[in-house]
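**Q** could you look at this predicted model? Sequence included:
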Amino acid sequence: MILPSWSGKEQRVRAVVCRELGNEAAVTVETVPDPVAGESDVRIAVCASGVSLANRMMLAGTYQIRPDLPFVPGTEASGVVIGCGAAVTRFRPGDRVTTGIRHGGFAEQLIAPERNVFAIPDAIDHHVAMQIPMVYGTAYGALKWRARLEAGETVLVHGAVGDSGMAAVEVARCLGGRVIATATTEAKAAACRRHGADVVINLWEQPFREAVLAMTEGRGADVVFDPVGGAVFAESLRCIAPEGRLVTMGFVSGGVPQVPANILLVKNFDVIGVYWGYYLGWERVAPRPRHPDRVRSSMAEMLAWCEHGLLRPEVYGRFRLDDFRAALDALVDANIIGRVALSPLTEPLIEQQRLAALAGIPITRP
């Protein structure tokens, strides 16, 4: 969130606040006033918040979207409802929830619109649940809605042990796809297999283009999920099936690729972009949610998959709010597998807040 309207009460909520992009010294943990929920908003005590490369890039001022300042980073979180606006009908204090938000996750509390808040079963850990609305939601939207993946089709997933790649492997399997994953080490290849990849290509041992063509009898992959860009994107164009769909998810390699139109013409395939925030109503101009019922339905389906062990989001490391900089630095570890997470509040403190909210008692920090 962009530090929103405040209640004017005693300052007591801690949050990571960025006051200048590209200046590490201007990003610190501060004590700020309580966030105030609007009539359609939900106030959440945050147990877990995801840390992503997009967060790191946004703080550095290199992300394609530049937030208004000052702001609290963090686009996904899970916790317990401690307050609701007057128009909120689906939640009440004490509910365990997860949410995808434009900003605000690196904090002890956040405000989210009810439409982007989703109930989670008691059996699902907060550090698992917080990955569903954004990372897994993006993979679901990319593969099911945009790429129109059908059961039996072959899906090539690049960056398959990163957060979005791992989600794509698992979602593709749940949708009935045959998954070919690429990885750069044997440990990462093992993680791909652990999360459901049918075949793993170790990029240090063989080029993926020739391997994919050999595995598909020369046809190529029906769907390519690419968060890497650069040369990986260019080679993917050469091993995609006729009438295939290449989903461009990001440019971790640093190279933003170009698409030769003659290849599109000859192979009859689609290049598809996915901006999940579009479905959550994050546009700056006339923002409104697109297909909110479809978003809620997808979240319910994925949380059910999670409850039945079909989705197993992995956590690479958990960091305290005060250690947010170490969490951001962990993202550049070449051996990272899974999601980096912040833990702004402990479970016992969240339970105290939940009980206080249920009893209508003002919430204070110990």
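**A** Everything's here; your move. Numbers count the residues shown, from 1 in each chain.
**Q** pLDDT score for E351?
**A** You'll see E351 listed with a pLDDT of 61.
**Q** swap that for L264, please
**A** L264 is assigned 76 on the pLDDT scale.
**Q** and the strands in the stretch 1-150 of the chain, which stretches?
**A** Taking DSSP state E, counting those that start in this stretch to define them, one finds strands in the stretch 1-150 of the chain at 13-18, 27-32, 41-51, 76-84, 96-100, 109-113, 117-119.
**Q** show me what the lengthiest helix in the chain packs onto, helices and strands only.
**A** When the chain is scanned for its longest helix (criterion: DSSP state H), the result is helix 292-307. Contacts defined by 3 or more C-beta pairs under 8 Å, 6 or more residues apart in numbering; DSSP states H and E place helix 292-307 against strand 117-119, helix 126-129, helix 137-140, helix 277-280. (Glycine included, C-beta is placed from N, CA and C.)
**Q** just say which of the ones you listed is most tucked in.
**A** Looking across the helices and strands packed on helix 292-307 with neighbours counted as mean count of other C-beta atoms under 10 Å, the highest average goes to helix 137-140: a mean of 26.
**Q** for that one, what is the average pLDDT?
**A** 95.
**Q** circling back to that earlier point, closest one to I132 among the strands of the stretch 1-150 of the chain?
**A** strand 96-100 (5.8 Å; C-beta to C-beta).
**Q** then the closest one to PDB, C-alphas only?
**A** Extracted C-alpha coordinates of strand 96-100, given in PDB (Å, rounded to 0.1, in the frame of the first residue of the first chain):
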ATOM      1  CA  ARG A  96      -7.600 -17.000   8.500                       C
ATOM      2  CA  VAL A  97      -7.100 -15.400   5.100                       C
ATOM      3  CA  THR A  98      -4.600 -14.800   2.300                       C
ATOM      4  CA  THR A  99      -4.500 -11.900  -0.100                       C
ATOM      5  CA  GLY A 100      -2.900 -10.400  -3.200                       C
END
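**Q** which neighbours does it have in its sheet, and in what orientation?
**A** strand 76-84 (antiparallel), strand 117-119 (antiparallel) (DSSP bridges).
**Q** low pLDDT regions in the stretch 251-366 of the chain?
**A** The stretch 251-366 of the chain contains residues with pLDDT under 70 at 251-255, 283-290, 346-366.
**Q** list the contacts of the longest helix of the chain.
**A** Applying C-beta atoms under 8 Å, 6 or more residues apart in numbering, the contact partners of helix 292-307 are 115-116, 118, 120-121, 123-124, 128-129, 132-133, 136-137, 140-141, 144-145, 171, 174, 279-281, 289, 311-313.
**Q** now it, how far from the centre of its chain.
**A** 14 Å (C-alpha atoms, centre = their mean, to the nearest Å).
**Q** do the same with stretch 263-276
**A** Distance of stretch 263-276 from its chain centroid, counting by C-alpha atoms, centre = their mean, is 23 Å.
**Q** for that stretch, buried residues please.
**A** 269, 271-272, 274, 276 (16 or more other C-beta atoms under 10 Å).
**Q** for it, measure first residue to last.
**A** 27 Å (C-alpha to C-alpha, to the nearest Å).
**Q** can you put the helices and strands packed on helix 292-307 in CSV and add distance to R90?
**A** Below are the helices and strands packed on helix 292-307 laid out as CSV (distance: least, C-beta to C-beta, whole Å):
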stretch, distance to R90
strand 117-119, 8
helix 126-129, 16
helix 137-140, 18
helix 277-280, 16
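**Q** who's in contact with the residue nearest to T184 when sequence neighbours are not counted?
**A** Nearest residue to T184 in three dimensions, chain neighbours excluded: L203, at 5.2 Å (C-beta to C-beta, 6 or more residues apart in numbering). If you count contacts by C-beta under 8 Å, 6+ apart, L203 has them with 182-184.
**Q** what sits against L237?
**A** With contact set as C-beta under 8 Å, 6+ apart, L237 has these partners: 246, 259-260, 263.
**Q** and H195, by the same measure?
**A** Residues in contact with H195 (C-beta under 8 Å, 6+ apart) are 166, 169-170, 312, 314.
**Q** just the buried residues of the residues you listed.
**A** In those, the ones that pass as buried (16+ other C-beta under 10 Å) are 166, 169-170, 314.
**Q** contact partners for S236?
**A** 156, 158, 209, 221, 224, 226, 246.
**Q** and for Q109?
**A** Counting by C-beta under 8 Å, 6+ apart, Q109 touches 13, 34-35, 43-46, 82.
**Q** ok, those vs A326, which is closest?
**A** Closest to A326, out of all of these and judged by C-beta to C-beta, is V46, at 18.1 Å.
**Q** per-residue confidence for the closest one?
**A** Here, the pLDDT recorded for V46 equals 96.
**Q** wait, it sits on I101?
**A** No: V46 is beyond contact range of I101, at 10.5 Å (criterion: C-beta atoms under 8 Å).
**Q** so between these two, which is more surrounded?
**A** V46 (28 against 25; other C-beta atoms under 10 Å).
**Q** is the more buried one in a bridge, and if so with what?
**A** G79.
**Q** how near is it to L310?
**A** According to C-beta to C-beta, to the nearest Å, V46 and L310 sit 26 Å apart.
**Q** now swap in D329 and tell me
**A** In terms of C-beta to C-beta, D329 sits 32 Å off from L310.
**Q** thinking again about what came up before, return the subset of the contacts of S236 lying in strands.
**A** 156, 221, 224, 226, 246 (DSSP state E).
**Q** walk me through the domains of this structure.
**A** Following automatic domain parsing, one gets these domains for the chain: 13-131+313-359, 135-276.
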